[in-house]
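>>> I need the structure of the sequence given here:
(one chain, ligands or ions: 2)
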Amino acid sequence: MLPEPGRQASRLAHPPQRATMMRMHTAYIGMGANLPSHAGSPEATLARAAVQLESLGQVRHRSSLYSTEPIGFAQQPHFLNTVVALETDHSPRALLDALQAIEVLFGRDRSDGVDNGPRTLDLDILLFDDLIVHEPGLEIPHPRLAERAFVLVPLSEVAPHAIDPQTQKSIGLLLRDLHSSAMSHGGAVVPIHGRFWRAGR
Ligand code: ADP
Ligand code: MG
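Residues are numbered from 1 along each chain as shown. Ligands and ions are numbered 1, 2, ... in the order given. Next up, the predicted model:
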């Protein structure tokens with residue numbers, strides 16, 4: 001059936017959808033929390049923050065939730081950690097800025113200056129396509145990726161075959177290396193069933 005002339009003209013008048021012209025990227029975002037925020041418990045914060053990430057693209061996959069032992073600064077509550085795969089058209093720098101704005105939205109306060117200290121929300125770019133970035137304030141892959149079981153365990157659940165572009169090793173292999181190395185801090189990384197967190201695709 002031929003389209004009505006008027007209809008065809010209006011269809012042709014529309015430019016191609018912007019989304020089809022934008023370059024999409026896959027970023028893996030590490031999420032952590034061990035203090036309550038206005039959203040509630042650390043788990044409630046992570047669940048709400050994951051919804052907030054939808055404003056930056058599409059969350060394609062969420063790992064399970066893990067309870068993890070703090071490293072470095074031990075006098076603080078256990079962390080909850082998880083990883084999501086985010087498809088986004090943001091540049092790495094724009095993504096970092098947006099993630100830090102979401103951290104602030106959930107009460108992140110960096111003023112105490114304690115490295116590895118307690119926080120309401122931590123959002124890190126772990127991998128961004130196969131990019132390597134070394135800029136002031138932005139390093140991709142995340143500089144401590146290979147030494148943190150609380151990152152590699154959830155990341156290997158979501159993307160075991162993703163490649164670290166610096167070592168050319170898969171995430172699964174980095175995790176095996178960590179388990180068999182002295183670098184491992186030995187902190188437990190235990191999957192838990194939360195009330196709010198929804199894992200999966
Ligand atoms: P961490 O997450 O390592 O515990 P912070 O959250 O306090 O530490 O972040 C410290 C700084 O790390 C931030 O100000 C940010 O500019 C920088 N940074 C560098 N690379 C990244 C990255 N890939 N993802 C998130 N932050 C990063
Ligand atoms: Mg961080």
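>>> Tell me, what's the model's pLDDT at the residue nearest the centre of the chain?
Nearest to the mean C-alpha position of the chain, by CA atoms, centre = their mean, lies residue 29 at 1.1 Å. Here, the pLDDT recorded for residue 29 equals 98.
>>> Against residue 57, how distant is it?
10 Å (CB to CB, to the nearest Å). Every residue, glycine included, has its C-beta placed from N, CA and C.
>>> Can you pull the residues that touch both of these two?
By CB atoms under 8 Å, 6 or more residues apart in numbering, residue 29 and residue 57 have these common neighbours: residue 86.
>>> Make sure I have this right: residue 94 is in a helix.
Yes. Assessed with DSSP: H, G, I helix; E, B strand; the rest coil, residue 94 lies in a helix.
>>> is stretch 141-159 anywhere near ligand 1?
Yes. Stretch 141-159 lies within reach of ligand 1 by CB under 6 Å from any ligand atom, at residue 142.
>>> Name the residues that touch that stretch?
28, 30, 32, 61-64, 66, 68, 71, 79, 81-85, 124-127, 132, 162, 164-167, 171-172, 174-175, 177-179, 183-185, 187, 189.
>>> Return the distance of that stretch from the chain's centre.
Averaging C-alpha positions (CA atoms, centre = their mean, to the nearest Å) puts stretch 141-159 10 Å from its chain's average.
>>> mean confidence for that stretch?
96.
>>> Would you map the helices across this protein?
5-13, 18-21, 42-53, 92-105, 149-158, 171-179 (DSSP state H).
>>> What helices and strands are in contact with the third one?
Applying 3 or more CB pairs under 8 Å, 6 or more residues apart in numbering; DSSP states H and E, we find helix 42-53 packed against strand 25-33, strand 58-62, strand 79-88, helix 92-105.
>>> Could you dump those into TSV and include distance to residue 193?
Listed next are the helices and strands packed on helix 42-53 as TSV, based on distance: least, CB to CB, whole Å:
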stretch	distance to residue 193
strand 25-33	17
strand 58-62	14
strand 79-88	12
helix 92-105	25
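>>> Reformat these into TSV and put distance to ligand 1 next to each item.
Putting those into TSV (distance: least, CB to the nearest ligand atom, whole Å) gives the following:
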stretch	distance to ligand 1
strand 25-33	8
strand 58-62	17
strand 79-88	10
helix 92-105	6
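>>> follow-up on the earlier one: which one, of the helices of the chain, ends up nearest to ligand 2?
Closest approach to ligand 2 among the helices of the chain is made by helix 92-105 (7.7 Å; CB to the ion).
>>> hmm, the closest one in reach of ligand 2?
No. Using CB under 5 Å from the ion, helix 92-105 stays clear of ligand 2, with a minimum separation of 7.7 Å.
>>> any idea of the angle that helix forms with strand 25-33?
Here helix 92-105 runs at an angle of 30 degrees relative to strand 25-33 (axes from the mean of the first three to the mean of the last three CA atoms, to 10 degrees).
>>> buried sites along helix 92-105?
92, 95-96, 98-99, 102-103, 105 (16 or more other CB atoms under 10 Å).
>>> what sits against residue 79?
32-34, 42, 67-70, 150.
>>> now do residue 133
92, 139-140.
>>> Please apply the same query to residue 123.
Neighbours of residue 123 in contact, by CB under 8 Å, 6+ apart: 29-31, 49, 99-100, 102-103.
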